[in-house]
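Visitor: Next comes the sequence, and after it the predicted model I'd like to discuss.
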Amino acid sequence: MSQEHYLAAQKLGRKEMQARAALSQPDTLPALDIILEDVEIRGEVPLGLIDIPTDLIVGTKTRGRMNSFAPNFMPIMDEDTEFAMKWMNLCASHLWEGIRDPIIAYEYLNHYYVLEGNKRVSVLKYYDAPSVPAYVTRIIPAWKDTPEIRIYYEFLDFYNETNINYLEFTHEGSFRRLCRLTGHRRNERWSMDDRIDFRSCYNRFAEAFRDLGGDRLSCTAGDALLSYMYVFGYESMKEESPADLRKNLKRVWEEIEISQSDEEPEQKTDLKLDPTPDAKKNLLFQILTGSAKTVKIAFIHAKSTETSSWTYAHELGRMYLNDAFHGRIETTAYENNATAEDAAKAIEQAVSDGNTILFTTSPIFLSASIKAAVDHPEVKILNCSLNTAHKYIRTYYARIFEAKLLNGVLAGIMTDTDKIGYIADYPIASMAANINAFAIGVKMVNPRARVLLEWSTLKENQGIDLTEKLYNMGATYISHLDMIVPQHANRRFGLYRVNGERPVNLAMPVLDWGRFYERIIQNILHRTWNTDGKAEGNKAVSYFWGMSSGVVDVEWSPSIPSETRNLLETLKRSIMRYDFKPFSGVLHSQEGVIQSDPDSHMSLPEIIGMDWLADNVDGFIPTAKDLMPEIETQSVVRQEGIR
């Protein structure tokens, strides 16, 4: 019987070698000694006797065993060799009493290489044993600023907190994200119960993942687990049966394929830069007349119009919709949903109330939106956020940085001190683009001027009048909020001049959510909604409209000199035609050159993901720990934070 198993294992090994050769890949077992020849080592750490996952045993320590096994650790030597006889004896021993003797192995970059016990590993892999006891020495490479090393150093921190060694991730930040999803703070030690609960969840998930074909995907089981937990939650997952887990995993399979693929962001997401061209005018008339059923649309807000300029702007958009589609749609606002849990309840209530289109207007609602979309595939859900790729919902945002550039040009022309203030709120995706576009606009006309950056959500700025602070620093022109709060109306919005008395407004970026929502609803009613999604296959769809779509504009003060106004309008028309791109040519950050080619321009995914500030900005990008502890502030930054 052992001979039959050896021949079967040998067949698997030789098949693996043939497949590797056909793809021009190495067809021998990796040897750690060869891998480390040109690697700078920081040190070695003995880990003692631990269980190591067989899936992560990928090679041998020395050159001597390279040619005895295929890359999948299956034997390839002839059956009449001494090697084959020893393998068969180990196989028989495993079947009768189990292999208990520990192997000796080295761990490098979260993978294991066997020094003693290669044949034991081969037998155990043949029988799909999940782990093997081993005396392990960890080899730690010197720090290098590469994705591979950064991920490994994240793993080292995670291992020190959890002693978990069976997880493999391919994206930076995944270990920290896992801690957040499981309810653990950074640097918090996991209890034994924590480890047992998580191991149980992981084992059930990994088995379902493999059964559904996860081995054929480019992502690991760990990568897929994060996507799954993001949608369904860790606490719910702990209570799921294997059958329920498998069922839910099938439901989010496309989400896993998109979010965890190795493609670049622009390959994962179809960014719609402009609305789909209008259908024939009479089509909308036909759809909206006669016995057409009233479409119910819900807006889920984090705050109320009385307390939030952001909510107020979206509410203006909702009211515009009611006028644009008078009598043919019915809209409802669900306000004051401070957390993702609140949003989940509001979404369920909105669906229960018969709404078939949902706009969730805050990035903190993203996970609740995805979960609801999985549970209610008949409902169209759109989340106002950026820097995401999700198949089951669509996201939308505006290229407000185009208007910010024009405001920066105006500020650079008008400043009388060469110091210009900029007050930002949340350090999230697109905020760096807004700041940098403003700074580039300033530099285009005034290379001497500096942009003084302050954040309204910083702990150290709590209770401080930032306009007064910037004025005392020498800034007489300041860029602030793009919209006012009705109950707290003042003149400190857009770009304004300060002279120690009442601010004088010069320009205000306009984000017309009403027109934005109108065009999206038209897409749905014109039946072009499905075309948007199908045209790009398995990609996520995100609407990222700007001045060319009429949803972004700038309101100018009559006090601006006409010559300056003509210059700004000429530049605006150039942006609308895509003749001028704000982030084109040579670009400098505080740390150095970002883009050196004068004929190139940054892609939209690069703009969205900016994590740097222009060299004429005095300030920094804060992290969540630097900000006020309010729930929404922390949630927004953790969801879409720049860093």
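Guide: Everything's here; your move. Residues are numbered from 1 along each chain as shown.
Visitor: Tell me how many other residues surround the closest residue to Ala21 other than its chain neighbours.
Guide: Counting by C-beta to C-beta, 6 or more residues apart in numbering, Asp27 is the residue found nearest to Ala21 once chain neighbours are left out, at 5.1 Å. (Each C-beta comes from the backbone N, C-alpha and C, glycine too.) Asp27 has 18 neighbours, counted by other C-beta atoms under 10 Å.
Visitor: so who does Asp27 touch?
Guide: Contact criterion C-beta atoms under 8 Å, 6 or more residues apart in numbering gives 16-18, 20-21, 70-71 as the residues in contact with Asp27.
Visitor: For this structure, give me the ranges with low pLDDT.
Guide: Counting by pLDDT under 70, the chain contains low-confidence residues at 259-268, 278-292, 387-389, 484-491, 500-501, 531-538, 631-643.
Visitor: just checking, what's the longest strand in it?
Guide: Once the chain is assigned using DSSP state E, the strand that runs over the most residues is strand 41-53.
Visitor: Quick check: neighbours of that one in the sheet, parallel or antiparallel?
Guide: For strand 41-53, sheet partners with direction are given as strand 131-141 (antiparallel), following DSSP bridges.
Visitor: what about the nearest residue to Ser309 once chain neighbours are set aside, which helix or strand?
Guide: Using C-beta to C-beta, 6+ apart and skipping residues adjacent in sequence, the residue nearest Ser309 is Met483, 4.0 Å away. With elements delineated by DSSP states H and E, Met483 resides in a region that no helix or strand encompasses.
Visitor: Verify the contact between Met483 and His314 for me.
Guide: No - using C-beta atoms under 8 Å, Met483 is not in contact with His314, being 9.9 Å away.
Visitor: Comparing these two, which residue is more hemmed in?
Guide: The neighbour comparison of Met483 against His314 (other C-beta under 10 Å) goes to His314, with 26 against 20.
Visitor: which SS class is the more buried one?
Guide: State at His314, reduced to three classes by DSSP: H, G, I helix; E, B strand; the rest coil: helix.
Visitor: burial count for the nearest residue to Asn407 once chain neighbours are set aside?
Guide: Beyond its immediate neighbours in the sequence, the residue positioned closest to Asn407 (C-beta to C-beta, 6+ apart) is Leu495, lying 4.8 Å away. Neighbourhood size, Leu495 [other C-beta under 10 Å]: 27.
Visitor: thinking Leu495 is in contact with Asn505, fair?
Guide: Yes - when contacts are counted by C-beta under 8 Å, Leu495 is listed as touching Asn505 (7.4 Å).
Visitor: Overlap of the contact sets of Met483 and His314?
Guide: Common contacts of Met483 and His314, defined by C-beta under 8 Å, 6+ apart, are absent altogether.
Visitor: quick one: buried residues of the longest strand of the chain?
Guide: When burial is assessed from 16 or more other C-beta atoms under 10 Å, strand 41-53 yields the following buried residues: 47, 52-53.
Visitor: same deal with stretch 159-166?
Guide: Taking 16+ other C-beta under 10 Å as the basis for neighbour counts, the residues of stretch 159-166 that come out buried are 159, 161-162, 164-166.
Visitor: how far is that stretch from where the chain is centred?
Guide: In terms of C-alpha atoms, centre = their mean, to the nearest Å, the gap separating the centre of stretch 159-166 from the centre of its chain is 24 Å.
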